[in-house]
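S.K.: sequence isn't available, so here's the structure alone:
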């Protein structure tokens, strides 16, 4: 029996813990229904133990985090959430995490929990992912980690990281598949009514401009707001450097340091967001979207969509556009 | 500010509560980030209050369920889970539920929570949905409810019901959209990294044969096992009635009473499951799958797939077949 130990903290994200926890619990239920022993033992540790408040306000019961000094979990799963910043500055917490991770066969993080693995030095030189809204912060703080922000989950040896929040469910399904085979993982997915494999990376779910509020508001904020307001303008790196009154090299370096992406990649992402917003609003002509969003021609836009979102503009429009079919059913009716 | 009161009970399904709870909490967070007041006040009530055990083993803190006698929630959300059978036999629980529902503007259920709404008489003559594995039980116990088991969620006037487990997230997103508009609902979906609208109904996620263990094991179990073992046999209603040694009419009536579906619909579903299993296993030829699963020709199979799953056999194979692209990325590596 594999022991899966969840580590959270005050201000953890509720679903970062409960999503994967339920996946393993359902794997146990289904294995038992099939006449087999439950493959997992589940534990949850946080803070001093007892009731731990998540960012949603819901309180979960937990063992004290100090159990990591004695536990020998097969898998240590670290949650994310607004509380990661405080937890990552807490030397005791990081020490517990390192101690627990050293004895575990496998370490996993959900969402911004990857920042805690990185702060504990567990991701040096490894491939990893995290919530899309933490990408810039992650790159700035942990340049030695090979961040792959458009994956739902990433395995690098014994370290598994997952993207934002519900991606923890996908990660746990992948762990169940690795441990117990595809048949059980599929049965769990069906029981929970989730996709077993999601189409598309997490950028497909990420926000339109403006930038997430957690992004740093540095010296290029004004430039970015201007560019966002006029995506079809000349936004080549030389043109941007000139607007910033800096040399090409100094601008590129400073922009990367502040924003976490090269100017060219940021511009492409911003144009992609503009195009997505137009497609979501029901724009009829792909061609005109390409022009207005600054891609210029629709083939270039199409290549950017495929490369960064894994779908064509047409497919994106049919999934997220206003004309989509509503699979839930709404009907009028009277009060109770 | 709308008060959303979650009602659960010992043996509730963890994600039935925490999935929708987090949706409303994230709507609050994003509204505040946008400079607006939080639109929701969230509460969780269960049993005598304090720590309430969910089927996963995780314990959630709750107010006593008796607060329903005084609360005036805007929305009452009832969870599902293995504990619904006990809760549904508890006259006090049902009375609290009725009392709370009478004063709420809107009542919602997640998963098998629909059985509780039905037991409280809140679904009479209404359209509703529930977890796929509870369909037969639901139909047998509550014939006056218009069950639509292949929806992710269903609204009928002030009563909203949702399908299995994670479908509660979809339901909560629909409620946020109804209350606060599409922009906020989309922002919540992106923050949580979930699809805003799922393609396909819940039958797409439901299991292959054998039947779920919760189904009654009645007099036709042997017949169903035989039919499942040989889906390409003659399984017309006259042929089945003859094998059961009954008149056509008596057989049809008894089968429906026991299984919750007509013989013809059950046979079609069983054949669909056989075809899905073959497609999942990587069957190359759609034509041979159609023959082996008893559809006979691929056009008939295609129509059944589209009607009941909303996808073609080809699309099903590309989504669930073994040849699918793995969007997570796995790589070898050394231990920590």
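M.R.: Structure received. Keep in mind that what you see is a predicted model, and the values were worked out from it rather than measured.

S.K.: only C-alpha atoms for contact and neighbour calcs from this point on.
M.R.: Will do.

S.K.: tell me what the helix or strand of chain A with the lowest mean pLDDT is packed against?
M.R.: Ranked by mean pLDDT, DSSP states H and E, the helix or strand of chain A with the weakest confidence is helix A:221-229, at a mean of 76. If contacts are counted by 3 or more Cα pairs under 8 Å, 6 or more residues apart in numbering or on different chains; DSSP states H and E, helix A:221-229 sits against helix A:263-280.

S.K.: so for the helix or strand just after the helix it packs on, what gets flagged as buried?
M.R.: Next along the chain after helix A:263-280, taking DSSP states H and E as the criterion, comes helix A:286-292. Buried residues in helix A:286-292, defined by neighbour count with 16 or more other Cα atoms under 10 Å in any protein chain shown: A:286, A:288, A:289, A:290, A:291, A:292.

S.K.: list the residues that contact the closest residue to residue A:176 other than its chain neighbours.
M.R.: In this structure, residue A:176 finds its nearest non-sequential neighbour in residue A:185, 5.6 Å apart by Cα to Cα, 6 or more residues apart in numbering or on different chains. Residue A:185 makes contact with A:27, A:173, A:174, A:176, A:177, A:196 under the criterion Cα atoms under 8 Å, 6 or more residues apart in numbering or on different chains.

S.K.: circling back: between the least confident helix or strand of chain A and helix A:263-280, how many degrees?
M.R.: Counting by axes from the mean of the first three to the mean of the last three Cα atoms, to 10 degrees, helix A:221-229 lies at 40 degrees to helix A:263-280.

S.K.: and the contacts of helix A:221-229?
M.R.: Contacts of helix A:221-229 (Cα under 8 Å, 6+ apart): A:209, A:233, A:235, A:243, A:244, A:270, A:271, A:274.

S.K.: please spell out the ChimeraX selection for the buried subset of those residues.
M.R.: Buried residues within these, by 16+ other Cα under 10 Å, are selected in ChimeraX with:
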select /A:209,235,270,271,274
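
S.K.: looking at the contacts of helix A:221-229, which two lie furthest apart in space?
M.R.: Farthest pair in the contacts of helix A:221-229 (Cα to Cα) is A:244 and A:274. Separation: 22.4 Å.

S.K.: quick one on the thing from earlier: wait, which of the contacts of helix A:221-229 is closest to chain B?
M.R.: Within the contacts of helix A:221-229, proximity to chain B (Cα to the nearest Cα) peaks at residue A:209, which comes in at 11.2 Å.

S.K.: let me know the pLDDT of the closest one.
M.R.: Residue A:209 is assigned a predicted lDDT (pLDDT) of 40.

S.K.: cool, and the one 3 residues further on?
M.R.: Among the per-residue scores, residue A:212 shows a pLDDT of 36.

S.K.: how close does residue A:49 get to residue A:62?
M.R.: 5 Å (Cα to Cα, to the nearest Å).

S.K.: those two - which one has more neighbours?
M.R.: residue A:62 (23 against 17; other Cα atoms under 10 Å in any protein chain shown).

S.K.: did I read that right, the more buried one in a helix?
M.R.: No - assignment of residue A:62 by DSSP: H, G, I helix; E, B strand; the rest coil gives strand, placing it outside any helix.

S.K.: what sits opposite it in the beta ladder?
M.R.: On the basis of DSSP bridges, residue A:62 is bridged to residue A:50.

S.K.: neighbours of residue A:98, how many?
M.R.: Residue A:98, neighbours per other Cα under 10 Å, totals 20.

S.K.: re the thing from before, mind telling me what element the residue nearest to residue A:176 is part of?
M.R.: Residue-wise, residue A:185 maps onto helix A:182-192 under DSSP H and E.

S.K.: and that helix, how far from the chain's centre?
M.R.: Chain-centre distance of helix A:182-192: 22 Å, with Cα atoms, centre = their mean, to the nearest Å.

S.K.: re the thing from before, just the closest of the buried residues of helix A:286-292 to chain B, please.
M.R.: residue A:289 (20.1 Å).

S.K.: could you pull up the residues touching that closest one?
M.R.: Applying Cα under 8 Å, 6+ apart, the residues contacting residue A:289 are A:275, A:278, A:279, A:283.

S.K.: of these, the lowest pLDDT goes to which?
M.R.: residue A:283 (78).

S.K.: which one is it nearest to, not counting chain neighbours?
M.R.: The nearest residue in space to residue A:283 (Cα to Cα, 6+ apart) is residue A:289, at 7.1 Å.

S.K.: now swap in residue A:100 and tell me
M.R.: That would be residue A:68: by Cα to Cα, 6+ apart, it lies 5.1 Å from residue A:100.

S.K.: please tell me how far that neighbour sits from chain B.
M.R.: 17 Å (Cα to the nearest Cα, to the nearest Å).

S.K.: what's that residue in contact with, if anything?
M.R.: A:96, A:97, A:99, A:100.

S.K.: okay, those residues in TSV with neighbour count, secondary structure and pLDDT next?
M.R.: Output for the contacts of residue A:68, formatted as TSV (neighbours: other Cα atoms under 10 Å in any protein chain shown; DSSP: H, G, I helix; E, B strand; the rest coil; pLDDT from 0 to 100):
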residue	neighbour count	secondary structure	pLDDT
A:96	18	helix	97
A:97	24	helix	97
A:99	17	helix	96
A:100	24	helix	96
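
S.K.: for the residue lying closest to residue A:192 once chain neighbours are set aside, phi and psi?
M.R.: Spatial nearest neighbour of residue A:192, chain neighbours left out: residue B:165 (5.3 Å); criterion: Cα to Cα, 6+ apart. Here is the backbone geometry of residue B:165 (degrees, to the nearest 10): phi 40, psi -90.

S.K.: likewise for residue A:154?
M.R.: Taking degrees, to the nearest 10 as the convention, residue A:154 sits at phi -140, psi 130.

S.K.: gap between it and chain B?
M.R.: Taking Cα to the nearest Cα, one finds residue A:154 at 5 Å from chain B.

S.K.: please identify the buried residues of stretch A:74-87?
M.R.: Buried, per 16+ other Cα under 10 Å, within stretch A:74-87: A:74, A:75, A:76, A:77, A:78, A:79, A:80, A:81, A:82, A:83, A:84, A:87.

S.K.: from the chain's centre, how far out does that stretch sit?
M.R.: Distance, centroid of stretch A:74-87 to centroid of chain: 13 Å (Cα atoms, centre = their mean).

S.K.: all set now, cheers.
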